[in-house]
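Enquirer: give me coordinates for this.
(2 chains)
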Amino acid sequence: MSSSLRGRAAIAGVGNTKRWNAPGRTPFDQLQEAVVLALEDCGLGLKDVDGLFCAISSSGLPVLNVAERLGLKVRHADGTMVGGASFLFHLQSAVAALENGLCDVALICYGSNQLSAGGRLVSMPDPQPYETPYRARYPISSYAFAAARHMYEYGTTRENLADVALAARAWANLNPDAFARGPLAREEILASRMVSDPLTRADCCLVTDGGAALVITRADRAKDLKSQPIYVLGTGVAVSHRQIAAMPDLTTTAAVESGRRAYAMAGVKPTDIDHVMVYDAFTITTLLFLEDLGFCAKGDGGAFVSSGATAPGGGLPVNTNGGGLSCNHPGMYGLFTVIEAVEQLRGRCGERQVEGAELALAHANGGVLSSQATAILGTATTL
Amino acid sequence: MSTDSRFDGPGPDDVWRDALRQERFLIQRCRNCERHRFPPALVCAACGGSDLVWVEASGRGVVYASTVVREREGSYNVALIDLAEGARLMSRVDGLAPEAVRIGMSVTARIETAPEPILLFHATDGGVL
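Expert: Residues are numbered from 1 along each chain as shown, chains lettered A, B, ... in the order given. This next block holds a predicted model:
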């Protein structure tokens, strides 16, 4: 069953600052640069933008801060904040707003200076009185619980998790823009310092700076713009909890629901997808999302990744930029999953290019496996 | 000012904290679907009902997941506990090495009052699964 929103909007422009360590720049500097790049990519200007969608780790009023800096006169705005998945929630909202004429040119944007400002993950204040007394490390301990459960229920091993990081690094080594490049051995990962059992430092994503932006228009307009449009075929979002103790089943995320919605809107199934981006905040999340989005059976994620299926040369190219583990992770990484999918579908990826990629899936996670959002994107041939 | 017997008086977080100070471990039960919930709230997340009552928790539970947080000053356990009543919460299992806390282990609640009131668990049978 296909929805009427299938292919109605397209990503016309993308911007990526690729400044992963840029002292002296604020999150808003990174964001503004990405916006300029995205508008230049499609040949539009700031005066054309009338819909603004943004979230930022360090600001409670991102829409106001961004609109002021860019001089935008917006008719429609959405500052939904659900962590790293926010931007894919924004994408769904932008597609609906464009279709209904609430705006004509939608801008989704983000910026961060998390590495140069201190090198630690910055989160908006959000006190959790039923968690704080126990001093779980946020967010890693929550993901550690999920990893521990996955090991207990399905026999997943630390070696399987290490292989997620290895595949990410192998892709990063094909991407000149990736932050963490160079040789990496399984033994090195396994010997890495334990932070919150069973997750080590090597199971964690990078902390970097960065900025990213998308320009979205209705499909009929996008095809007349400067760069190849990438069509939004399906979107789906879901939320399941805020605190990890409230997650119903720690080995099955709400990506099952967001994925089902996105596949239904796009009218495609997992075996149709040429290129996959899943938010790898920690090694365990790659396994969970590959399972929950139907690329392998529940519990088989470890064996699937350890078989080499997702690494360069494997049957399912996953996280081809190097992911949050080896390319970049500026606090909230979700937008970068879409950027890489667009670059792949446009055939701009050089050594890491997935040959003949026409259909891509980008999936983002937020909070502690709390919010899930899936987008299915395609070239004109998939319409 | 409006009155509504379901919502009048202190809010659920306050009620829970006050009880903890008095060394009582309370959870809520939904009068509509009979399910228990934690943390406290005004509605039942299972059925959407808005008629919750406070009951004494049995204090019995099973470890659903466990981690050891490794800090320079030392390591400690953090665990998710499935209560016998069905709700799940975050807590710490102490009285044994943090690595010795296992999924499936039976645990029992206790309340420490100093320096701040806190709900903790210990292995029911000394750590035997």
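
Enquirer: can we go C-alpha only for contacts and neighbour counts from here?
Expert: Fine.

Enquirer: show me what contacts the closest residue to A:Phe295 other than its chain neighbours?
Expert: Distances taken as Cα to Cα, 6 or more residues apart in numbering or on different chains place A:Pro270 nearest to A:Phe295, at 5.9 Å, with adjacent residues excluded. Going by Cα atoms under 8 Å, 6 or more residues apart in numbering or on different chains, A:Pro270 touches A:Tyr263, A:Leu293, A:Gly294, A:Phe295.

Enquirer: one more: A:Asp177?
Expert: Counted by Cα under 8 Å, 6+ apart, A:Asp177 has contacts A:Lys18, A:Cys327.

Enquirer: can you get me a residue count around B:Asp13?
Expert: 14 (other Cα atoms under 10 Å in any protein chain shown).

Enquirer: ok, B:Thr3 next?
Expert: 8.

Enquirer: ok, the one 5 residues further on next?
Expert: Burial of B:Asp8, expressed as a neighbour count using other Cα under 10 Å, amounts to 9.

Enquirer: in a strand, that's where it is, yeah?
Expert: No - going by DSSP: H, G, I helix; E, B strand; the rest coil, the assignment for B:Asp8 is coil, not a strand.

Enquirer: from A:Ala144, how far out is the closest residue to chain A within chain B?
Expert: As assessed by Cα to the nearest Cα, chain A sits closest to B:Val69 within chain B, at 4.5 Å. Here B:Val69 is placed at a distance of 10 Å from A:Ala144 (Cα to Cα, to the nearest Å).

Enquirer: overlap in contacts of those two?
Expert: With contacts defined as Cα under 8 Å, 6+ apart, the residues shared by B:Val69 and A:Ala144 are A:Ser196, A:Asp197.

Enquirer: where does the residue nearest to A:Phe295 land on pLDDT?
Expert: The model reports A:Pro270 with a pLDDT of 98.

Enquirer: give me the below-cutoff pLDDT ranges for chain A.
Expert: Where chain A drops to pLDDT under 70, the residues are A:1-3, A:121.

Enquirer: list the residues that contact residue 99.
Expert: Just going to use chain A. Contacts for A:Glu99 (Cα under 8 Å, 6+ apart) come out as A:Leu5, A:Arg8, A:Ala9, A:Arg218.

Enquirer: actually chain B
Expert: B:Thr67, B:Val68, B:Asn77.

Enquirer: how deep is the first one tucked in, by neighbour count?
Expert: Spelled out, it's B:Thr67. Neighbours of B:Thr67 using other Cα under 10 Å come to 30.

Enquirer: next, give phi and psi for the residue nearest to it when sequence neighbours are not counted.
Expert: Residue nearest to B:Thr67 in three dimensions, not counting chain neighbours: A:Asp197, with 5.0 Å by Cα to Cα, 6+ apart. The phi and psi torsions at A:Asp197 (degrees, to the nearest 10) take the values phi -50, psi 140.

Enquirer: test my guess that A:Asp197 contacts B:Ser75.
Expert: No - the criterion here is Cα atoms under 8 Å, and A:Asp197 misses it with B:Ser75 at 10.4 Å.

Enquirer: and these two? Which one has more around it.
Expert: Between A:Asp197 and B:Ser75, counting by other Cα under 10 Å, A:Asp197 is the more crowded of the two (20 against 15).

Enquirer: tell me who's in contact with residue 117.
Expert: Since you didn't name a chain, this refers to chain A. Applying Cα under 8 Å, 6+ apart to A:Ala117 gives the contacts A:Pro23.

Enquirer: oops, wrong one, chain B.
Expert: B:Pro117 makes contact with B:Leu20, B:Arg21, B:Glu23, B:Ile111, according to Cα under 8 Å, 6+ apart.

Enquirer: from the residues you listed, which ones fall inside strands?
Expert: Those of those mapping onto strands are B:Ile111, per DSSP state E.

Enquirer: what does stretch A:72-85 rub up against?
Expert: Contacts for stretch A:72-85 (Cα under 8 Å, 6+ apart): A:46-47, A:49-55, A:61-63, A:67, A:86, A:89-90, A:93, A:97, A:102-103, A:331-335, A:364-367, A:371-373.

Enquirer: just the buried residues from those, in ChimeraX please.
Expert: Buried residues within the contacts of stretch A:72-85, by 16 or more other Cα atoms under 10 Å in any protein chain shown, are selected in ChimeraX with:
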select /A:46,49,50,51,52,53,54,55,62,63,67,86,89,90,93,97,102,103,331,332,333,334,335,364,365,366,367,371,372,373
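
Enquirer: between A:Asp197 and B:Ser75, which contacts overlap?
Expert: Both A:Asp197 and B:Ser75 are contacted by B:Val68, B:Val69, under the criterion Cα under 8 Å, 6+ apart.

Enquirer: before we move on, the earlier item: please pick the buried ones from the contacts of A:Glu99.
Expert: Looks like these have A:Leu5, A:Arg8, A:Ala9, A:Arg218 buried, using 16+ other Cα under 10 Å.

Enquirer: which member of those is positioned nearest B:Val15?
Expert: A:Leu5 (47.2 Å; Cα to Cα).

Enquirer: that older thread, got a winner among the contacts of A:Pro270 for most neighbours?
Expert: Ranked by the number of neighbours (other Cα under 10 Å), the contacts of A:Pro270 place A:Leu293 first, at 26 neighbours.

Enquirer: what residues does chain B have near chain A?
Expert: B:39, B:64-71, B:78-80, B:88-92, B:103, B:118 (Cα under 8 Å from any Cα of the partner chain).

Enquirer: out of the residues you listed, list just those in strands.
Expert: Those of the residues of chain B next to chain A lying in strands (DSSP E): B:64-71, B:78-80, B:88-91, B:118.

Enquirer: now for the residues you listed, which pair is the farthest apart?
Expert: Greatest spatial distance in those: B:Glu71 and B:Arg88, 25.6 Å, computed using Cα to Cα.

Enquirer: more neighbours: which of those two?
Expert: Shown here are B:Glu71 and B:Arg88; by other Cα under 10 Å, B:Arg88 has more neighbours (24 against 12).

Enquirer: show me the contacts for the spatially closest residue to the more buried one that is not a sequence neighbour.
Expert: Distances taken as Cα to Cα, 6+ apart put B:Asp82 closest to B:Arg88, at 4.4 Å, once the chain neighbours are dropped. By Cα under 8 Å, 6+ apart, the contact set of B:Asp82 is B:Gly61, B:Val62, B:Val63, B:Tyr64, B:Arg88, B:Leu89.
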